[in-house]
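Novice: I'll drop the sequence and a predicted model, then ask my questions.
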Amino acid sequence: MILKRLCIYISLLTTAYASVAFGAMEFIYPSPNAVVTSSGHFIFKLNSTELTSIRITHNGLAGDPVEVGSPEYRKLFQDMFIAQSLWDTGVNKLAVELFNGVQKIESAEMSVYYAPGNNSRKVPPEYLPILMHTEEKERLCLSCHNMNPTPGQMNSSVEKNNPCFICHKKMLAVKYVHGPAGTYSCGYCHASKGSPKHSVPKRGSDLCYECHSDMAVQIKKKKFIHGPVEAGMCESCHDSHGTQNESQLLMATNDLCLSCHEHISKQKHVVTVSGGQGHPLSGKDDPSKKASGRKMSCISCHNPHGSDVRYFFVNNAESRMNLCQMCHNK
Ligand code: HEC
Ligand code: HEC
Ligand code: HEC
Ligand code: HEC
Ligand code: HEC
Ligand code: HEC
Ligand code: HEC
Ligand code: HEC
């Protein structure tokens, strides 16, 4: 029924277009020519009560028409259209066609740029960052949503009592959810006030070590600490809320490591085996983790945080030979 309509996934695609002003609708989030760093929602306002259905075309792929004129729809959402988005990395071109019955009243176009993981280096300059939680935009939500929850409500583990969760449940619909996000303790990390609204005052290891103090102690003791860990940049590898990867890693392990150590994929790593390749780094079962059924990856040999030996070998293997022997019997 109606809630299903809320979850229309926009499929996706490319090329930049200037924004245009339209009479029958107004883009709320993202605004035209915005850059977004997460795939959240696509929200606009319908300015005409005559509209009965809309059709969204995303990167050239037309979706099914969505009915917005029924009394049930209007009762719940009035003039709001809220869909979960599935942006393509890079440029997303959107066209919204507005219908009264079979008659097309208007169509509107815009593009947004999706830069996952805040990788802002490559964003073309015509796309600008935006915020949802501004006074101007929140004014449009106030009649149906609690936009200024108390600290208690921001940490309420009861779903329906936590306004943050009601709007952001999509970000927790992943396989590996971080402890405090899973208990909806949004207010532990996000400020109830502050600027921009709901920003996170403490970042990186200053934040993480508040709860992971045992790890802080362990890491301090290590002789060799991995660059980004030493710099307190925990968020360069872990998401604070959750992802599809174990330990809430931002990407699959090897992709993550290679995003900073690209050269490893371009040379033979560890050994040259018969056939001219380097050591297997993925795909094969990891013989040292038989019980967990893990596959080979960079962390089969390297501890991601650090260790007492150079190159952060796992188990503090003191030499190359000790490392090899973990998996290759003498
Ligand atoms: C009415 C729905 C709604 C409520 C309630 C809400 N948010 Fe949001 N918030 C959004 C939307 C929509 C976005 C844009 C991202 C997206 O597409 O989901 C957003 C974006 C954000 C951002 C990114 C910065 C920004 O302003 O764009 C943060 C941080 C955030 N929300 C935190 C919170 C927290 C913490 C709470 C609870 C105190 C909360 N939100 C409550 C809808 C909501
Ligand atoms: C006329 C009432 C109404 C207004 C105004 C309204 N919403 Fe909502 N919104 C709803 C209802 C109803 C739901 C479904 C609530 C639920 O899931 O419990 C909802 C759910 C949402 C969700 C969750 C979607 C999901 O992923 O399941 C987001 C995000 C959201 N609204 C954002 C906004 C924002 C941002 C504004 C202001 C720009 C806004 N809404 C204004 C009625 C409204
Ligand atoms: C362990 C700390 C922590 C907890 C708990 C937490 N967050 Fe966050 N959140 C962060 C950090 C760090 C960021 C990144 C902030 C930034 O980039 O400015 C963030 C960013 C966000 C964003 C913006 C994401 C984006 O990519 O645009 C939203 C939305 C958000 N949080 C919502 C929530 C909600 C809802 C909850 C509760 C269910 C929650 N957070 C719990 C730490 C946390
Ligand atoms: C409010 C307390 C709190 C904060 C702040 C916090 N965490 Fe956590 N974290 C937890 C809890 C609770 C768990 C789940 C405990 C468990 O399962 O062992 C957890 C689990 C994790 C896990 C998964 C552990 C596993 O065994 O799979 C990782 C990774 C993690 N946190 C990283 C971080 C990072 C990175 C930060 C900083 C951005 C952070 N945490 C901030 C409380 C916190
Ligand atoms: C270079 C990427 C990277 C950085 C930076 C990083 N981690 Fe991790 N972290 C990982 C990986 C990969 C795992 C999974 C290890 C495994 O499963 O063997 C992990 C596992 C964890 C775990 C759960 C297992 C454990 O070892 O206790 C916690 C908690 C954690 N990290 C916290 C942090 C904190 C806190 C920081 C910042 C001080 C941080 N991480 C920085 C990559 C990273
Ligand atoms: C955010 C960027 C980043 C990510 C992600 C990252 N590293 Fe690193 N890594 C660094 C930096 C910075 C250094 C220290 C500078 C250097 O020696 O290259 C470093 C150093 C290393 C070293 C020691 C190099 C030496 O010559 O002593 C190893 C081994 C290593 N990383 C492995 C990994 C593995 C395995 C992963 C994935 C779990 C990973 N890195 C993910 C940034 C990163
Ligand atoms: C089978 C064990 C093993 C696996 C798997 C492995 N490494 Fe290594 N790595 C080593 C050894 C051993 C060294 C020490 C230098 C050497 O002897 O070649 C090393 C050195 C490094 C260095 C520092 C030297 C350099 O060339 O910069 C980096 C960075 C590194 N590895 C990253 C990675 C990444 C990224 C992955 C995953 C794609 C990975 N390693 C997978 C064993 C491994
Ligand atoms: C974490 C476990 C692990 C470690 C540590 C490890 N290897 Fe391996 N190694 C493997 C796996 C798995 C294979 C693939 C075996 C297969 O094809 O079935 C492999 C294959 C090889 C091969 C190719 C064998 C063949 O038949 O083609 C060589 C050579 C090799 N490793 C050398 C080394 C050396 C040298 C070291 C130490 C620097 C090392 N390995 C450390 C797991 C490991």
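Specialist: Yes, it's here. Bear in mind that the values here come from a model prediction, so they are computed numbers and not experimental data. Ligands and ions are numbered 1, 2, ... in the order given.
Novice: in stretch 45-55, what counts as buried?
Specialist: 46, 51-55 (16 or more other C-beta atoms under 10 Å). Any C-beta I mention is one placed from the backbone N, CA and C, and that applies to glycine too.
Novice: now the residue of the stretch 151-300 of the chain found nearest ligand 7: closest residue in space, sequence neighbours ignored.
Specialist: Proximity of the stretch 151-300 of the chain to ligand 7 (C-beta to the nearest ligand atom) peaks at Cys298, 2.9 Å away. Distances taken as C-beta to C-beta, 6 or more residues apart in numbering put Cys257 closest to Cys298, at 4.3 Å, once the chain neighbours are dropped.
Novice: could you pull up the residues touching that neighbour?
Specialist: 264, 298, 302, 304 (C-beta atoms under 8 Å, 6 or more residues apart in numbering).
Novice: which pLDDT value belongs to it?
Specialist: Listed pLDDT for Cys257 reads 97.
Novice: sorry, back to before: count the neighbours of the residue of the stretch 151-300 of the chain closest to ligand 7 for me.
Specialist: 18 (other C-beta atoms under 10 Å).
Novice: before we move on, what about the one 4 residues further on?
Specialist: With neighbours defined by other C-beta under 10 Å, the count for His302 comes to 18.
Novice: quick check: it touching Tyr311?
Specialist: Yes. The pair His302 / Tyr311 is scored as a contact, 6.5 Å apart, by C-beta atoms under 8 Å.
Novice: what do those two both touch?
Specialist: By C-beta under 8 Å, 6+ apart, no residue touches both His302 and Tyr311.
Novice: and the residue nearest to Cys298, helix, strand or coil?
Specialist: With DSSP: H, G, I helix; E, B strand; the rest coil as the basis, the three-state label of Cys257 is helix.
Novice: does any bit of stretch 138-150 sit next to ligand 3?
Specialist: No. Figure legend: stretch 138-150 not in contact with ligand 3 (C-beta under 6 Å from any ligand atom); closest approach 10.6 Å.
Novice: pull the residues that contact that stretch.
Specialist: Taking C-beta under 8 Å, 6+ apart as the rule, stretch 138-150 contacts 28, 45, 78, 80, 133, 153, 162-164, 166-167, 192.
Novice: hang on, the earlier thing: so how far is Phe81 from the residue of the stretch 151-300 of the chain closest to ligand 7?
Specialist: 44 Å (C-beta to C-beta, to the nearest Å).
Novice: hmm, which of the contacts of stretch 138-150 are the buried ones?
Specialist: The buried subset of the contacts of stretch 138-150 (16+ other C-beta under 10 Å) comprises 28, 80, 153, 162-164, 167, 192.
Novice: what sits against Val177?
Specialist: 241-242, 248.
Novice: same deal with Ala62?
Specialist: 55-56.
Novice: partners of it in the sheet?
Specialist: Listed beta-bridge partners, Ala62: Thr57 (assigned using DSSP bridges).
Novice: distance of the residue of the stretch 151-300 of the chain closest to ligand 7 relative to His261?
Specialist: Distance from Cys298 to His261, by C-beta to C-beta: 8 Å.
Novice: buried residues in stretch 212-225, which are they?
Specialist: 219, 222, 225.
Novice: so which strand or helix has the most centrally placed residue in the chain?
Specialist: When C-alpha atoms, centre = their mean is applied to the chain, the residue found nearest the centroid is Ser38 (4.6 Å). Counting by DSSP states H and E, there is no helix or strand that carries Ser38.
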